[in-house]
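1. need a 3D model of the sequence below.
(one chain, ligands or ions: 2)
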Amino acid sequence: MDLKLKQYINGKWVDANSGNTRDIINPYNQEIIATVPEGDESDAKAAIAAARETFDQGDWATTPATERGAIVTKIAELIERDNEELAHLESLDTGKTMEESRGDMEDIAGVFRYYGELADKEGGELIDSPIPNSISKVVREPVGVCGQITPWNYPLLQASWKLAPALATGNTLIIKPSEITPLTHIKVFELMEEAGVPAGVANLVLGSGATVGAELSSNEDVDLISFTGGIVTGKKIMQAASSNVKKLALELGGKNPNIIFADTDLDLAVDQALNGVFFHAGQICSAGTRLIVEESIHDEFVHALVERVKKFKLGSGFDEDTQMGPLISAEHLEKVEKYVQAGIEEGATLAVGGKRPEDPELQQGFFFLPTIFTDCTTDMTVVQEEGFGPVITVEKFTKEEEAVKLANDSIYGLAGGVFTNDIAKAERCAAKMRMGTVWINEFNLYFPHAPWGGFKQSGIGRELGKPGIEEYTETKHIFQNLKPETINWF
Ligand SMILES: NC(=O)c1ccc[n+]([C@@H]2O[C@H](COP(=O)([O-])OP(=O)(O)OC[C@H]3O[C@@H](n4cnc5c(N)ncnc54)[C@H](O)[C@@H]3O)[C@@H](O)[C@H]2O)c1
Ligand SMILES: C[N+](C)(C)CC=O
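-> Ligands and ions are numbered 1, 2, ... in the order given. Here you go, the predicted model:
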């Protein structure tokens, strides 16, 4: 593998202080694909010190935004140049199909390009001051040293949502990928170095959440922590971030509803419902795993879904005809199995799947069959908890208000969908759905220009769009009195 397989701290490619390493496993066949340094608190502290010193020294924060933007745009170009290599690394690490990984890399380049172009356009504004003879202006400045922690399901995509806006706005940063999927993070650091990101500005530390992640979240030299991952970890990070009242951005899980009305185009809704869940074997925060289907079309809809699911081709992400790859790890496969077992025990009807495949060619990988449960009710574990696997639950409704009530019956509020040909009805539902994104006649679409994030326990703050760059800035009001006079109050 033509990759450095090191951490990147203060402009140098380094091993872990301890000398420890970790083997990275291909989830398709359990082969070791790479061995990388396993950093710990001491590596995190070294990276934080470099980022702190670089930020405080000031050159990067005061580099003209146009220049920083040009570097971020250059990273986009390099990602486009190396798209195939990056996609290959992502599929090796995660098991997802090459087609999906190629799409991710296009999206990632788009994110760097978007923030590269936005870098010099959000400088601040003059306010119409109510005080005579004064100038009142609002400027945006970088927050400082940013800690960034990413998950294993969309490793580089989630990283791009953090790296690009942080760099564009003049912050310094330390990023920690999931310990089991570090390869595309390493590669993008090679590209960032090539694009001209100065030493100390962007640092990469590899290692576990309990060590590196916990240090980034609690260290008082870190000014902002941006985390994407599970709700349990998110709560720990929120607590740790209170050490110095860090700025906090949390992108957490989802248990996303997809409402299907009887007046929809059935073929479209079936197709989109499948797309909404089964990419990357359902390991998507915004997977539309809670189908809420109008009773009059329920049986026909479920039948159509099941017939298509039965034909899914599972296999290696590198085979052209594979539609669904494996789950990420043995541990996660076990978790999904237990989740499905809970569904069966709580009385849901298994319409298809529900177990590991029997195909001898898939026995080395962490595969689970695409699964559909019917006769589901809101009190069931499979309806309330995020399974993060290829599992759909189907609930029925008869009235519009009931559909919205079911959709909102969750601690999560990340995303949801509505399928209907009655646009007024769709708009009414969208207005009442308590989620950061609502799709109408669409599911799982995202692009750099529109903000992404969750209501309720799906998170705090927004990534992407203008809010995604504002997260990385502090707002400062500068007031200038053009005709100062003594007040003589005291
Ligand atoms: N909202 C979104 O946009 C979004 C996007 C992708 C994934 N997710 C969510 O991510 C979850 C799956 O990812 P995961 O299993 O990698 O999540 P996770 O919470 O287990 O791990 C995420 C990251 O946090 C680190 N971590 C673990 N413990 C930590 C600690 N105590 N302190 C600091 N860091 C720690 C991990 O090493 C990893 O890098 C799902 O819940 C999914 O919905 C959300
Ligand atoms: C945000 N998204 C959809 C790219 C990945 C969620 O896991």
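
2. against which helices or strands is the least confident helix or strand in the chain by mean pLDDT packed?
-> Here the helix or strand of the chain ranked lowest by mean pLDDT, DSSP states H and E is strand 124-127, holding a mean of 92. Contact partners of strand 124-127 among helices and strands, from 3 or more C-beta pairs under 8 Å, 6 or more residues apart in numbering; DSSP states H and E: strand 134-142. Quick note: C-beta positions are derived from backbone N, CA and C, even for glycine.

3. and the strands in the stretch 1-150 of the chain?
-> Residue ranges of the strands in the stretch 1-150 of the chain, as given by DSSP state E, counting those that start in this stretch, are 7-9, 12-14, 21-25, 32-37, 124-127, 134-142, 145-149.

4. what sits up against the least confident helix or strand of the chain?
-> Contacting residues not belonging to strand 124-127 are listed as Ile135, Ser136, Lys137, Val138, Val139, Arg140, His477 [C-beta atoms under 8 Å, 6 or more residues apart in numbering].

5. now with 6 Å, please.
-> Contact partners of strand 124-127, identified using C-beta atoms under 6 Å, 6 or more residues apart in numbering, comprise Ser136, Lys137, Val138, Val139, Arg140.

6. residues in contact with the residue of the chain found nearest ligand 2?
-> Among the residues of the chain, Cys285 lies closest to ligand 2, at 3.4 Å counting by C-beta to the nearest ligand atom. When the contact criterion is C-beta under 6 Å, 6+ apart, the partners of Cys285 are Gly253, Gly254.

7. ligand 1 versus that one, what's the distance?
-> The spacing between Cys285 and ligand 1, counted by C-beta to the nearest ligand atom, to the nearest Å, is 3 Å.

8. do the same with Ala159
-> The gap separating Ala159 from ligand 1 is 10 Å, by C-beta to the nearest ligand atom.

9. equivalent analysis for Cys146, please.
-> Shown here: Cys146 relative to ligand 1, a distance of 14 Å by C-beta to the nearest ligand atom.

10. tally of neighbours for that residue?
-> When neighbours are counted by other C-beta atoms under 10 Å, Cys146 registers 31.

11. could you dump the strands of the stretch 1-150 of the chain to JSON lines with distance to ligand 2?
-> Shown next, in JSON lines, are these (distance: least, C-beta to the nearest ligand atom, whole Å):
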{"stretch": "strand 7-9", "distance to ligand 2": "24"}
{"stretch": "strand 12-14", "distance to ligand 2": "29"}
{"stretch": "strand 21-25", "distance to ligand 2": "20"}
{"stretch": "strand 32-37", "distance to ligand 2": "22"}
{"stretch": "strand 124-127", "distance to ligand 2": "30"}
{"stretch": "strand 134-142", "distance to ligand 2": "25"}
{"stretch": "strand 145-149", "distance to ligand 2": "14"}
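
12. out of those, deepest packed?
-> Greatest average neighbour count among those goes to strand 145-149 (a mean of 29), per mean count of other C-beta atoms under 10 Å.

13. and for the chain, the residue most distant from the center?
-> Among the C-alpha atoms of the chain, the one farthest from their average position, using C-alpha atoms, centre = their mean, is that of Asn488, at 56.4 Å.

14. which residue ranges of the stretch 151-300 of the chain form helices?
-> Using DSSP state H, counting those that start in this stretch, the helices assigned to the stretch 151-300 of the chain run over residues 155-168, 183-195, 214-218, 231-241, 266-278, 295-310.

15. okay, these, which one's buried deepest?
-> For the helices of the stretch 151-300 of the chain, average neighbour numbers computed from mean count of other C-beta under 10 Å are highest in helix 155-168, which has a mean of 27.

16. pull out the CA atoms of it and give them to me as PDB.
-> The C-alpha atoms that make up helix 155-168 are tabulated as PDB, following Å, rounded to 0.1, in the frame of the first residue of the first chain:
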ATOM      1  CA  PRO A 155     -15.000   8.100   7.500                       C
ATOM      2  CA  LEU A 156     -13.700  10.700   5.100                       C
ATOM      3  CA  LEU A 157     -17.100  12.200   4.300                       C
ATOM      4  CA  GLN A 158     -17.700  13.100   7.900                       C
ATOM      5  CA  ALA A 159     -14.100  14.300   8.200                       C
ATOM      6  CA  SER A 160     -14.600  16.600   5.200                       C
ATOM      7  CA  TRP A 161     -17.600  18.400   6.900                       C
ATOM      8  CA  LYS A 162     -15.200  19.300   9.700                       C
ATOM      9  CA  LEU A 163     -11.800  19.800   8.100                       C
ATOM     10  CA  ALA A 164     -12.900  22.100   5.200                       C
ATOM     11  CA  PRO A 165     -14.700  24.700   7.300                       C
ATOM     12  CA  ALA A 166     -12.100  24.700  10.100                       C
ATOM     13  CA  LEU A 167      -9.300  25.300   7.600                       C
ATOM     14  CA  ALA A 168     -11.200  27.900   5.600                       C
END
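
17. which bits of the stretch 251-400 of the chain sit near ligand 2?
-> Ile284, Cys285, Ser286 (C-beta under 6 Å from any ligand atom).

18. residues near the first one, how many?
-> Here the count is done by other C-beta under 10 Å, and Ile284 has 20 residues near it.

19. contacts only, for it.
-> Shown here is Ile284, which makes no contacts under the criterion C-beta under 6 Å, 6+ apart.

20. mind checking how far it is from Val14?
-> Relative to Val14, Ile284 is positioned 34 Å away (criterion: C-beta to C-beta, to the nearest Å).

21. got it, and Val72?
-> As judged by C-beta to C-beta, Val72 and Val14 stand 25 Å apart.

22. near ligand 1, which residues of the chain show up?
-> Counting by C-beta under 6 Å from any ligand atom, the positions of the chain adjacent to ligand 1 are 149-154, 158, 176, 178-179, 208-210, 213-214, 217, 228-230, 233, 236-237, 251-254, 285, 386, 388, 414, 454, 459.

23. show me those residues that map onto strands.
-> Ile149, Lys176, Thr228, Glu251, Gly459 (DSSP state E).

24. out of these, give me the one that has the most neighbours.
-> Lys176 (31 neighbours).

25. my guess is that residue meets Gly147, correct?
-> No: counting by C-beta atoms under 6 Å, Lys176 stays clear of Gly147, with 7.7 Å between them.

26. quickly find the element holding Val418.
-> Secondary structure assignment for Val418, by DSSP states H and E: strand 415-419.

27. who's in contact with Leu118?
-> The neighbourhood of Leu118, defined by C-beta under 6 Å, 6+ apart, consists of Ile469.

28. at 7 Å instead, please
-> Contacts here follow C-beta atoms under 7 Å, 6 or more residues apart in numbering; on that basis Leu118 touches Ala168, Ile469.

29. and it, how close does it get to Arg140?
-> Relative to Arg140, Leu118 is positioned 12 Å away (criterion: C-beta to C-beta).

30. what sits against the nearest residue to Thr21 once chain neighbours are set aside?
-> The shortest distance from Thr21 to any non-neighbouring residue, by C-beta to C-beta, 6 or more residues apart in numbering, is to Thr35 (5.0 Å). By C-beta under 7 Å, 6+ apart, the contact set of Thr35 is Leu5, Thr21, Asp23.
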